[in-house]
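Colleague: build the 3D model from these lines:
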Amino acid sequence: MDEFLTPTMEDYLEVVFNLEKERKVVRVRDIAKSMGVKLPSVTSMLSTLSRKELVSHEKYEYVELTSRGKKIARGVVHNHEIIFNFLKNILHVDPKNADKDACRMEHAVSATTLKKLVEFVKFIQICPRAGTDWIDYFGQYCTHGRSKEECSRHMREFMEKYSAEIN
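Modeller: Coordinates of the predicted model:
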């Protein structure tokens, strides 16, 4: 991005973006309720975002993202979804915690790291040595722990199953 945005600014853009998807109009009070903050805090941030030409907002009026604001918000939402899905579906983090952690992480992860994370998730899903069996086994490992011998046994079983499937 060509200008610095704080994580809080990105959070506001993300909230407005999500609210715009579910309602006809977005009000200051909707944002305050969604974020758990007071109305003056929202008004102050909207003023800042308006100066940066990321939202359109006049006092006592509705809030709308500008095209630039939407573009940035889409990126933040995309990052959140990728991290959330990784935490929830790959690492088996409880969805509520995964959402909170994704919110924190989405601002801290570089575009390069996020791209690698996406590639890793795709790889896990398509690689015969990984796939859903591997992800399920990881869940069992987290719950029960496993020894190196058990992992080796699991790999032999997988290879036998995989060999039978391709022959």
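
Colleague: so which residues of this protein form strands?
Modeller: Counting by DSSP state E, the chain forms strands over residues 55-57, 63-65, given from the N-terminal end onward.

Colleague: once you drop chain neighbours, what's closest to Ser56?
Modeller: Glu64 (4.6 Å; C-beta to C-beta, 6 or more residues apart in numbering). Using the backbone N, CA and C atoms, a C-beta is placed for each residue, glycine as well.

Colleague: so which of the strands of the chain is nearest Ala32?
Modeller: Ala32 lies closest, by C-beta to C-beta, to one member of the strands of the chain: strand 63-65, at 11.0 Å.

Colleague: which of the strands of the chain sits closest to Arg23?
Modeller: Ranking the strands of the chain by proximity to Arg23 (C-beta to C-beta) places strand 63-65 first, at 10.7 Å.

Colleague: the closest one: which residues count as buried?
Modeller: 63, 65 (16 or more other C-beta atoms under 10 Å).

Colleague: how close does Tyr62 get to Met159?
Modeller: In this structure, Tyr62 and Met159 are separated by 60 Å, where distance is defined by C-beta to C-beta, to the nearest Å.

Colleague: of the two, who's got more company?
Modeller: Tyr62 (15 against 12; other C-beta atoms under 10 Å).

Colleague: for Ala164, see how far away that one is.
Modeller: 61 Å.

Colleague: next: Leu49.
Modeller: Following C-beta to C-beta, the distance that separates Leu49 from Ala164 is 58 Å.

Colleague: more neighbours, the two?
Modeller: Neighbour totals were compared for Leu49 and Ala164, and Leu49 leads with 23 against 8 (other C-beta under 10 Å).

Colleague: got a pLDDT number for Lys116?
Modeller: The score at Lys116 is 88. That number is its pLDDT.

Colleague: that older thread, OK, contacts around the residue nearest to Ser56?
Modeller: The neighbours of Glu64, taking C-beta atoms under 8 Å, 6 or more residues apart in numbering as the test, are 16, 20, 26, 55-57.

Colleague: ranking those by neighbours, who comes first?
Modeller: Using other C-beta under 10 Å as the neighbour test, the contacts of Glu64 are led by Val16, with 26 neighbours.

Colleague: please verify my assumption that that one contacts Ile31.
Modeller: Yes - counting by C-beta atoms under 8 Å, Val16 sits close enough to Ile31 to count as a contact (6.5 Å).
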